[in-house]
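Engineer: could you work out the structure for the sequence below:
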Amino acid sequence: MYRASAFLVTSSGIDAQDGTAASDLLFDHSIDVSSRGVFLDGNDISGKIRTQAIGEAASIISAHRAVRDYMVSLQRAFGEKYDTVAEGRDMGTVVFPNAALKVYVVADIAVRAWRRLKDLDQGTSQMNTMVQSVFRRDYRDRNRSESPLRLPPGALWLDGTSMSIDQQVSFVLCAYKGRCIR
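Structural biologist: Predicted coordinates:
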């Protein structure tokens with residue numbers, strides 16, 4: 001949802017730093033997420049929001065209180081309507097503080113940067129730039145005044161540094177079903 005809002009804001013020529021303009025724009029549009037994709041005003045934008053620039057813009061606009069309030073209302077409405085697995089930097093602390101299971105996922109910054117480059121189909125020649133980008137985003141998200149990134153009370157800690165996606169999913173499913181030794 002934040003990437004969709006960042007796409008809308010940047011596509012409209014609004015500076016992501018301008019929280020008032022960003023939130024005003026969001027109220028005039030619809031964002032919907034489903035198993036079919038991410039939709040802005042009914043148009044599938046799933047393929048357009050997975051860029052480095054949109055990720056950066058999403059991190060910037062997510063620091064604005066009006067934007068966060070609007071996004072949290074959308075996320076909670078979605079969670080009330082559907083059985084939901086949500087990922088995000090404030091899902092277990094702000095959006096769904098009473099979730100049945102909260103997992104705090106961490107990984108080495110170099111591994112996260114490498115995985116992001118792989119997601120973007122970019123070579124490792126951009127590794128230093130990506131590490132710096134991940135570090136800036138983490139810093140910004142941990143130090144913002146609105147919903148800063150922090151460990152949710154009662155969350156399980158999952159260090160995915162040396163785990164595949166399948167292994168991480170298995171860990172979460174095992175924890176959810178209560179079959180793991182903690």
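Engineer: so for the chain, the centremost residue is which one?
Structural biologist: The residue lying closest to the centre of the chain (Cα atoms, centre = their mean) is G88, at 3.9 Å.
Engineer: if I read this right, that one contacts V95, doesn't it?
Structural biologist: Yes. Taking Cβ atoms under 8 Å as the definition, G88 is a contact partner of V95 at 7.1 Å. Where you see a C-beta, it was placed from the backbone N, CA and C, and this is true even at glycine.
Engineer: next, show the common contact partners of those two.
Structural biologist: Residues touching both G88 and V95 by Cβ atoms under 8 Å, 6 or more residues apart in numbering: Q75.
Engineer: pop the domain breakdown of the protein in here.
Structural biologist: Following automatic domain parsing, one finds the domains of the chain at 1-84, 85-182.
Engineer: and the shortest one, how far apart are its ends?
Structural biologist: Between the opening and closing residues of domain 1-84 lies a distance of 14 Å (Cα to Cα, to the nearest Å).
Engineer: the domains of the chain into a markdown table, with extra columns for mean pLDDT?
Structural biologist: Putting these into a markdown table (pLDDT from 0 to 100) gives the following:
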| stretch | mean pLDDT |
| --- | --- |
| domain 1-84 | 92 |
| domain 85-182 | 91 |
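Engineer: so which of those domains is the most packed in?
Structural biologist: domain 1-84 (a mean of 17; mean count of other Cβ atoms under 10 Å).
Engineer: how far does that one sit from the chain's center?
Structural biologist: With Cα atoms, centre = their mean, to the nearest Å as the basis, domain 1-84 stands 10 Å off its chain's centre.
Engineer: what does stretch 163-173 give?
Structural biologist: For stretch 163-173 - counting by Cα atoms, centre = their mean - the centre lies 18 Å from the chain centre.
Engineer: how about stretch 134-154?
Structural biologist: Distance, centroid of stretch 134-154 to centroid of chain: 11 Å (Cα atoms, centre = their mean).
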